[in-house]
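# just coords:
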């Protein structure tokens, strides 16, 4: 289905995740973050860039893996994205919901 986020038309699935990563840009990311009540700062963007690079490498994501990434520890990850951190961060990053998320 099509949705407009930050004035940009994008394709999303029934859960609101982008279905085409090529449609993602930082404005779409900011719009998705605002919907999740998150104000993006430099640390948020570092995590988003890490998630996107892992996605591009077809590397499965999990909270544990993010904690071991060297980018952010688990405690800070939960501070940056307090509600359903991996699901929320993945949605903001424009990548599919990780298989490890219910």
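Noted; the coordinates are in hand. Every value quoted in this text rests on a predicted model; they were computed, and no experiment measured them.
# Show me which residues of the helix or strand of the chain with the lowest mean pLDDT are buried.
Least confident helix or strand, the chain: helix 63-67 with a mean of 91, by mean pLDDT, DSSP states H and E. Residues of helix 63-67 classed as buried: 66, 67 (neighbour count, 16 or more other C-beta atoms under 10 Å). No exception for glycine: its C-beta is placed from N, CA and C like everyone else's.
# Downstream of that helix, the next helix or strand is which one?
helix 74-80 (DSSP states H and E).
# Buried residues of that following helix, list them for me.
Under the neighbour-count criterion of 16+ other C-beta under 10 Å, helix 74-80 has 77, 80 buried.
# how distant is the helix or strand just after that helix from the center of its chain?
Sequence order places helix 85-93 as the next helix or strand after helix 74-80, per DSSP H and E. For helix 85-93, the distance from its own C-alpha centre to the chain's C-alpha centre is 3 Å (C-alpha atoms, centre = their mean, to the nearest Å).
# what's the answer for stretch 3-11, then?
For stretch 3-11, the distance to the chain centre is 16 Å (C-alpha atoms, centre = their mean).
# residue ranges with poor pLDDT in the protein?
Scanning the chain for pLDDT under 70 picks out 100-102.
# one step back: give me the contact list for the least confident helix or strand of the chain.
For helix 63-67, the external contacting residues (C-beta atoms under 8 Å, 6 or more residues apart in numbering) are 47, 50, 51, 54, 59, 72, 73, 74, 77, 85, 86, 100.
# And the residues you listed, which is closest to residue 15?
Closest approach between those and residue 15, by C-beta to C-beta: residue 86, at 13.4 Å.
# Make sure that closest one is actually in contact with residue 99.
No: look at residue 86 against residue 99 with C-beta atoms under 8 Å: they stay out of range, at 10.7 Å.
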